[in-house]
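[1] Mind folding the following:
(one chain, ligands or ions: 1)
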Amino acid sequence: MPQRLVELPPPLSQLTDDEVLLRDNVRAFAESEVRPLVREMDEAGTIPRALIDQLFGLGVMGIEIPDEHGGAGGRFFHAVLAVEELSRVDPSVGVLVDVQNTLVNNAILRWGADNLKRRYLPMLAASTVGAYALSEAGSGSDAFAMATRAARRGDAFVLSGRKLWITNAAEAGVFIVFANADPDAGYRGITAFAIDRDTPGFTVGRKEDKLGIRASSTCELLLDECRVDVSQVLGEVGQGYRVAIETLNEGRIGIGGQMIGLARGALEHAIAYVQQRQQFGHPIAEFQAVQFQLAQAATELESARLAVYNAARLREAGRPFLTEAAMCKLFSSQVAERVASLALELFGGYGYTRDYPVEKLYRDAKIGQIYEGTSNMQLQTIAKQILGARR
Ligand SMILES: Cc1cc2nc3c(=O)[nH]c(=O)nc-3n(C[C@H](O)[C@H](O)[C@H](O)COP(=O)(O)OP(=O)(O)OC[C@H]3O[C@@H](n4cnc5c(N)ncnc54)[C@H](O)[C@@H]3O)c2cc1C
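    Model (predicted):
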C-alpha cells in the first residue's frame, strides 16, 4: 500500500465525538421532554418555565459560556446542533435557545467588559433567559434608522423609545438593547446596552399573536427615561452597529439550524405517514410520484444542511463567513417552507388539521424568511459580496 502523503479533511457533515454526544443528548431530551408538550405550548402560546429550567439543566442555554462562568464550555457548532435538534421537534423551543446562545451570550462574550461577563454569564448559563432588542416599528430591515435614544447624563445613559418584535421578551431577565447615543453621527451613534428587566423605566409590553412559533414570545419593549449606568454599555459607545452586525451574522447560522431541524422534522413525519397511509390498495409510499417528491425534499434538505454546517464550521475556524451565513439562512428557510408544505400535502386532509404535527411546522417555517434579516436582505448581502469580489 502506498503511504498516504496528505491528510484528508473530514467530510463536512462528519461530527466529532463531542458533537455526536451533544446531538444525541439534545435529541433524546427533545423526544422525551419537548415532544409531549408541543401542541399544548402552541395552543397556550407559551413555553412553560419548568421546560425552560430543564433546558438550563441540560446545559443548552449557555453552550459557549466558559466553565469558569458556569457554562458548558462548548463551541458555536454545538449551539447550531442543539438548535437543529430542538427545532426538529419544536422550532419555538429552538429559537428560545438560539437567541440565548447566538445573540445574547455571544454579544456579552465578545463585547462585554469583565464586569458584564462576571455579572451576566453565570446568570445566563444557570437560570436567566436573555433577549436581543434591535428592531422597532419604523426600523426593521433598515435597523440602524432606529428612533430609540440614549442621552448621556453623568455616569448614566437615559434611554427612551420602543422596541418591537423581541423574541424571549416575556421570559427574559436581561436584554441587549440598541439605542442611538449620538443621532448626528448616524449609525456611528448606535450603542448596545445590557439592561436588567427590573430597571426603572423599562417595561415589557404587548405580546404578538402570531401565525407560527406561537410558543415563542414576541413582545414590544418600552423604554421611558430608563436610566442605565455607563458600565452597562457593551463594547464602546457608538460601536453598537458593530455589535449588531457581528452577532447577527452568526445568529443567521443559528436560524439556518432552526430551519434544517424544522425541515427534517417535517420530512420524518411525511416518511412515516406515507408508509402507513393506504390508497388504491397500496401504501402511498409505493407511488413513484410520492417517492420522487420525498427524494427531492431530502436532497434539498441535505444541501441546506451542508450550507448551514459549512457556515458554522467557517465561523468556528475563524474564516470569513458573511456570504455563507446569508446563503445558508436564505436557502434553509426556503427549503423549510417547501419541505413543510410537501409534508402537509402528503398528509392530505389530515395534514390540514391541528391533529397532525405538520400543520404547525408549516406555520412555523415562514418566520425563517423574515427574522434576522428578510430573504431580500440576505440576497442583498450575497449580491454585494459576489459583485464586489469580481471588481
Ligand atoms: C416572530 C418574530 C420575532 C422577531 N424577533 C426579533 C428579535 O428578537 N429582535 C429583534 O431585534 N427583531 C426581531 N424581529 C424583527 C425582525 O428582524 C424584522 O421583522 C425583520 O428584520 C423585518 O423588518 P420589518 O418587519 O420592519 O420589515 P420591513 O423592513 O418593513 O420589510 C418589509 C418588506 O420589504 C422588503 N424590503 C425592505 N427593504 C428592502 C430593500 N432595501 N430591498 C428589497 N426589499 C426590501 C423586506 O424584504 C420585506 O419583504 C422579529 C420578528 C418576528 C416576526
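[2] which residues touch the residue in the stretch 51-200 of the chain that the ligand sits nearest to?
    Closest residue of the stretch 51-200 of the chain to the ligand, CB to the nearest ligand atom: residue 140 (1.8 Å). The C-beta positions use only the backbone N, C-alpha and C, and glycine is treated the same way. Under the criterion of CB atoms under 8 Å, 6 or more residues apart in numbering, the neighbours of residue 140 are 165, 374.
[3] Same question for residue 216.
    Contacts of residue 216 (CB under 8 Å, 6+ apart): 47, 91, 92, 95, 96, 167, 168.
[4] which ones among the residues you listed are found in strands?
    residue 167 (DSSP state E).
[5] between the contacts of residue 216, which has the most around it?
    Neighbour counts for the contacts of residue 216 (other CB atoms under 10 Å) peak at residue 91, which has 32 neighbours.
[6] Count the residues that sit near the residue nearest to that residue when sequence neighbours are not counted.
    Distances taken as CB to CB, 6 or more residues apart in numbering put residue 364 closest to residue 91, at 4.4 Å, once the chain neighbours are dropped. Neighbour count of residue 364, defined by other CB under 10 Å: 31.
[7] Residue 364 in helix, strand or coil?
    helix (DSSP: H, G, I helix; E, B strand; the rest coil).
[8] so what's it up against?
    Contacts here follow CB under 8 Å, 6+ apart; on that basis residue 364 touches 91, 92, 212, 213, 262, 340.
[9] Tell me how far the second one lies from residue 109.
    In this case it means residue 92. 25 Å (CB to CB, to the nearest Å).
[10] cool, and residue 241?
    Distance from residue 241 to residue 109, counting by CB to CB: 19 Å.
[11] Closest approach to the ligand from the stretch 201-350 of the chain, which residue is it?
    Of all residues in the stretch 201-350 of the chain, residue 218 sits closest to the ligand, at 4.4 Å by CB to the nearest ligand atom.
[12] mind listing the strands in the stretch 251-391 of the chain by residue range?
    Assigned strands in the stretch 251-391 of the chain, in chain order: 278-279, 282-283 (criterion: DSSP state E, counting those that start in this stretch).
[13] got the residues of the stretch 101-250 of the chain near the ligand?
    For the stretch 101-250 of the chain, the residues in contact with the ligand (CB under 6 Å from any ligand atom) are 132, 133, 134, 135, 140, 141, 165, 166, 167, 210, 218.
[14] low-confidence ranges in this structure?
    Where the chain drops to pLDDT under 70, the residues are 1-4, 389-391.
[15] Name the single longest helix found in it.
    With secondary structure taken from DSSP state H, the chain has its longest helix at helix 240-276.
[16] For residue 362, which non-adjacent residue is spatially closest?
    residue 340 (4.2 Å).
[17] Just to check, the one you found is in contact with residue 262?
    Yes. In this structure, residue 340 is within contact of residue 262 by CB atoms under 8 Å, at 6.7 Å.
[18] shared neighbours, these two?
    361, 364, 365.
[19] which residues sit against stretch 109-122?
    Against stretch 109-122 from outside (CB under 8 Å, 6+ apart): 62, 64-66, 69-71, 105, 108, 128, 130, 174, 192, 194, 231-232, 234-235, 239, 243, 246-247.
[20] Is there a quick ChimeraX command that grabs whichever of those residues are buried?
    With 16 or more other CB atoms under 10 Å as the criterion, this ChimeraX line picks the buried residues out of those:
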select :62,64,65,69,70,71,105,108,128,130,174,192,194,232,234,235,239,243,246,247
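[21] got the contact list for the closest residue to the residue of the stretch 201-350 of the chain closest to the ligand other than its chain neighbours?
    The spatial neighbour of residue 218 that comes closest, neighbours along the chain excluded (CB to CB, 6+ apart), is residue 208 at 4.3 Å. Shown in contact with residue 208 (CB under 8 Å, 6+ apart): 165, 218, 219.
[22] Just the ones of the residues you listed in helices?
    Among those, no member falls in helices (DSSP H).
[23] now these in CSV, with distance to residue 258?
    Shown next, in CSV, are those (distance: CB to CB, whole Å):
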residue, distance to residue 258
165, 16
218, 15
219, 19
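[24] Out of those residues, which end up buried?
    Buried among those by 16+ other CB under 10 Å: 165, 218, 219.
[25] neighbours of the nearest residue to residue 190 once chain neighbours are set aside, just the number please.
    Nearest residue to residue 190, sequence neighbours excluded (CB to CB, 6+ apart): residue 240, at 3.7 Å. When neighbours are counted by other CB under 10 Å, residue 240 registers 31.
[26] who touches residue 240 in this structure?
    Shown in contact with residue 240 (CB under 8 Å, 6+ apart): 178, 179, 190, 191, 192, 234.
[27] Can you point out the buried residues in stretch 104-119?
    Across stretch 104-119, burial judged by 16+ other CB under 10 Å covers 104, 105, 106, 107, 108, 109, 111, 112, 116, 117, 119.
[28] Put the alpha carbons of the strand or helix carrying the fourth one into CSV.
    Spelled out, that is residue 107. For residue 107, the host element (DSSP states H and E) is helix 106-111. Extracted in CSV, the C-alpha atoms of helix 106-111 (Å, rounded to 0.1, in the frame of the first residue of the first chain):
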residue,chain,number,x,y,z
ASN,A,106,-22.5,35.8,22.1
ALA,A,107,-22.8,39.6,22.4
ILE,A,108,-21.7,39.5,26.1
LEU,A,109,-18.9,37.0,25.5
ARG,A,110,-17.5,39.0,22.6
TRP,A,111,-18.2,42.6,23.6
